[in-house]
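Asker: structure, please.
(2 chains)
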Protein chains: 2
Amino acid sequence: MPKNTQISKAVIKRLPRYRRYLKELMTDGVDKISSKEFSKLTGYTASQIRQDLNNFGGFGQQGYGYNVKALYDEISAILGLDREYKMVLVGGGNLGQALANYTHYSNMGFIVESIFEVNPRLIGMRINGIKVRDYEELTAYLEENKIDIGIICTTKNTAQEVSDKLCNGGVRGIWNFTALDVNVPEGVALENVHLSDSLHSLAYYMENK
Amino acid sequence: MPKNTQISKAVIKRLPRYRRYLKELMTDGVDKISSKEFSKLTGYTASQIRQDLNNFGGFGQQGYGYNVKALYDEISAILGLDREYKMVLVGGGNLGQALANYTHYSNMGFIVESIFEVNPRLIGMRINGIKVRDYEELTAYLEENKIDIGIICTTKNTAQEVSDKLCNGGVRGIWNFTALDVNVPEGVALENVHLSDSLHSLAYYMENK
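Answerer: Prediction:
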């Protein structure tokens, strides 16, 4: 696959969605799909889809459409989903526990290896079989274990400190659930899930429909 | 405030973020801020910020900058955050429970009034003081109570049915946490939080840094 850093964020946002629909088609036993049918399914125009996939070399065949399994595998490879990612989760509160309980992610190759907490009542417990360790041990743990992704579910106030520790400890990606826009060093990927922002956007659209 | 439906989604996505930073400034006792300082804080260019706010009439004053409290109040009004929203949550699993436990939202005026579940072990319980009711009662409940927002935390397979029930019951907004892109009628606002898509984007950026 061509390594193209010019690809827009908007395209990267659509790829997981394409992949989701392709997975459903596979589950339903569908082998191939026309770009028109795929457009109907995903809600994007056929030309948008073609344009998106052309970024990666294009996969369709004139008069045949897309081979569902082949396109799924290609998009998976592009997204880096053909390998396994080890994760640690910092903050074992409600949201942290919810994420730790999502076996869904581990089925996709994203494995939560350990949870770190400051609350002594949680330390030593297991959530979905995953051990909750003392936050004080995070740096030492990262020295001993190769971790790819750090998930931050702490309060906003400690988010930057936690992010720094994770990045210094060698993670390559931060999945941030706090309201703070953390800063990460060059070379570390960052995805923010700002739930409040999403709720505020919803309120805006409700008032302006 | 002018009701302008031409405003792009990108601007609407930035407003909650501006608001978050303004809130922090207020907490820190800051009264006014130059567009340059505000740019540094938020990470957006000063011209981008000016352009965004001009959509709503503009609030800055040449040589003075922005009045923090006034801008905060205006953005809050634009986002519809100067009123209260009643919500119901369908699906009391891990993520549903996590959201129900977020008192943060209720402080912002988003109140979870009731939770609906199919699991008999959960029905009748209270999560964060909020009663868990039988999903069978949802339609009747919506007839008797004016609810603004429906939160969907069920499995993907039932998401569309749940969304239909909520919309038929008069909600004006759907906050969807399932992997399904639900269809909502014209006039109902929709915000999707596709956590898997976010994780997949993260993986992509990690592999392409």
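
Asker: please give the element, helix or strand, for the nearest residue to residue A:137 once chain neighbours are set aside.
Answerer: Closest residue to residue A:137 apart from its sequence neighbours, by C-beta to C-beta, 6 or more residues apart in numbering or on different chains: residue A:116 at 7.2 Å. Using the backbone N, CA and C atoms, a C-beta is placed for each residue, glycine as well. Per DSSP states H and E, residue A:116 falls inside strand A:110-117.

Asker: within the sheet, what are the partner strands of that strand, with directions?
Answerer: Each strand that pairs with strand A:110-117, with its direction, by DSSP bridges: strand A:85-90 (parallel), strand A:130-134 (parallel).

Asker: extract the C-alpha set from it and format it as CSV.
Answerer: Listed next in CSV are the C-alpha coordinates belonging to strand A:110-117 (Å, rounded to 0.1, in the frame of the first residue of the first chain):
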residue,chain,number,x,y,z
PHE,A,110,-6.9,-3.5,20.6
ILE,A,111,-6.0,-5.1,24.0
VAL,A,112,-6.1,-3.2,27.3
GLU,A,113,-3.2,-4.7,29.2
SER,A,114,-3.5,-2.7,32.4
ILE,A,115,-5.4,0.0,34.2
PHE,A,116,-3.8,2.7,36.3
GLU,A,117,-5.6,4.5,39.1
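
Asker: average pLDDT for that strand?
Answerer: For strand A:110-117, mean pLDDT is 95.

Asker: tell me the first helix or strand C-terminal of that strand.
Answerer: That would be, after strand A:110-117 and using DSSP H and E, strand A:126-127.

Asker: show residues contacting that next one.
Answerer: The list of residues contacting strand A:126-127 from outside it, by C-beta atoms under 8 Å, 6 or more residues apart in numbering or on different chains, reads A:92, A:97, A:100-101, A:115, A:132.

Asker: most surrounded residue in the residues you listed?
Answerer: Sorting those by how many neighbours each has (other C-beta atoms under 10 Å in any protein chain shown) puts residue A:115 first, at 28 neighbours.

Asker: now do that residue against chain B, distance only.
Answerer: 14 Å (C-beta to the nearest C-beta, to the nearest Å).

Asker: which ones are touching that residue?
Answerer: A:88-90, A:92, A:96, A:100, A:127, A:130-133.

Asker: nearest to residue A:187, of the residues you listed?
Answerer: Nearest to residue A:187 among those is residue A:88, at 18.6 Å by C-beta to C-beta.

Asker: was I right to think the closest one contacts residue A:110?
Answerer: No. In this structure, residue A:88 is not within contact of residue A:110 by C-beta atoms under 8 Å, at 11.6 Å.

Asker: overlap of the contact sets of these two?
Answerer: residue A:149.

Asker: what helix or strand is the residue of chain A positioned farthest from its centre on?
Answerer: In chain A, residue A:63 marks the outermost C-alpha relative to the chain mean, sitting 34.0 Å out by C-alpha atoms, centre = their mean. Assigned by DSSP H and E, residue A:63 falls within no helix or strand.

Asker: equivalent analysis for residue A:140, please.
Answerer: With DSSP H and E as the test, residue A:140 turns up in helix A:138-144.

Asker: and the lowest-mean-pLDDT helix or strand in chain A, what other elements does it pack with?
Answerer: When the helices and strands of chain A are scored by mean pLDDT, DSSP states H and E, helix A:103-107 comes last with a mean of 70. If you count contacts as 3 or more C-beta pairs under 8 Å, 6 or more residues apart in numbering or on different chains; DSSP states H and E, helix A:103-107 packs onto strand A:110-117, helix B:195-207.

Asker: may I see the buried residues of the helix ranked longest in chain A?
Answerer: Across chain A, the longest stretch assigned as helix under DSSP state H is helix A:9-27. For helix A:9-27, the buried set under the neighbour-count rule, 16 or more other C-beta atoms under 10 Å in any protein chain shown, comprises A:11-12, A:14-22, A:25.

Asker: quick one: these as TSV, columns for pLDDT too.
Answerer: TSV is the format used below for the buried residues of helix A:9-27 (pLDDT from 0 to 100):
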residue	pLDDT
A:11	87
A:12	85
A:14	89
A:15	90
A:16	88
A:17	88
A:18	92
A:19	90
A:20	88
A:21	90
A:22	92
A:25	92
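
Asker: in JSON lines: the residues you listed, plus distance to residue A:146.
Answerer: Formatted as JSON lines, the buried residues of helix A:9-27 follow (distance: C-beta to C-beta, whole Å):
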{"residue": "A:11", "distance to residue A:146": "30"}
{"residue": "A:12", "distance to residue A:146": "25"}
{"residue": "A:14", "distance to residue A:146": "31"}
{"residue": "A:15", "distance to residue A:146": "26"}
{"residue": "A:16", "distance to residue A:146": "25"}
{"residue": "A:17", "distance to residue A:146": "30"}
{"residue": "A:18", "distance to residue A:146": "30"}
{"residue": "A:19", "distance to residue A:146": "26"}
{"residue": "A:20", "distance to residue A:146": "29"}
{"residue": "A:21", "distance to residue A:146": "33"}
{"residue": "A:22", "distance to residue A:146": "31"}
{"residue": "A:25", "distance to residue A:146": "35"}
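
Asker: from those residues, which is closest to chain B?
Answerer: Using C-beta to the nearest C-beta, residue A:16 comes nearest to chain B of the buried residues of helix A:9-27, at 3.8 Å.

Asker: got the domain boundaries for chain A?
Answerer: A:9-79, A:85-197 (automatic domain parsing).

Asker: gap between residue A:133 and chain B?
Answerer: 21 Å.

Asker: same check, this time on residue A:169
Answerer: In terms of C-beta to the nearest C-beta, residue A:169 sits 15 Å off from chain B.

Asker: sorry, back to before: and residue A:68, which of the helices and strands packed on helix A:103-107 is closest to it?
Answerer: helix B:195-207 (17.9 Å).

Asker: would that closest one count as contacting chain A?
Answerer: Yes. Judged by C-beta under 8 Å from any C-beta of the partner chain, helix B:195-207 and chain A are in contact via B:195-207.

Asker: would you turn these into a markdown table with neighbour count and pLDDT?
Answerer: Formatted as a markdown table, these follow (neighbours: other C-beta atoms under 10 Å in any protein chain shown; pLDDT from 0 to 100):
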| residue | neighbour count | pLDDT |
| --- | --- | --- |
| B:195 | 20 | 88 |
| B:196 | 17 | 85 |
| B:197 | 21 | 87 |
| B:198 | 17 | 90 |
| B:199 | 27 | 90 |
| B:200 | 26 | 88 |
| B:201 | 22 | 90 |
| B:202 | 28 | 92 |
| B:203 | 28 | 90 |
| B:204 | 24 | 88 |
| B:205 | 19 | 90 |
| B:206 | 22 | 91 |
| B:207 | 19 | 84 |
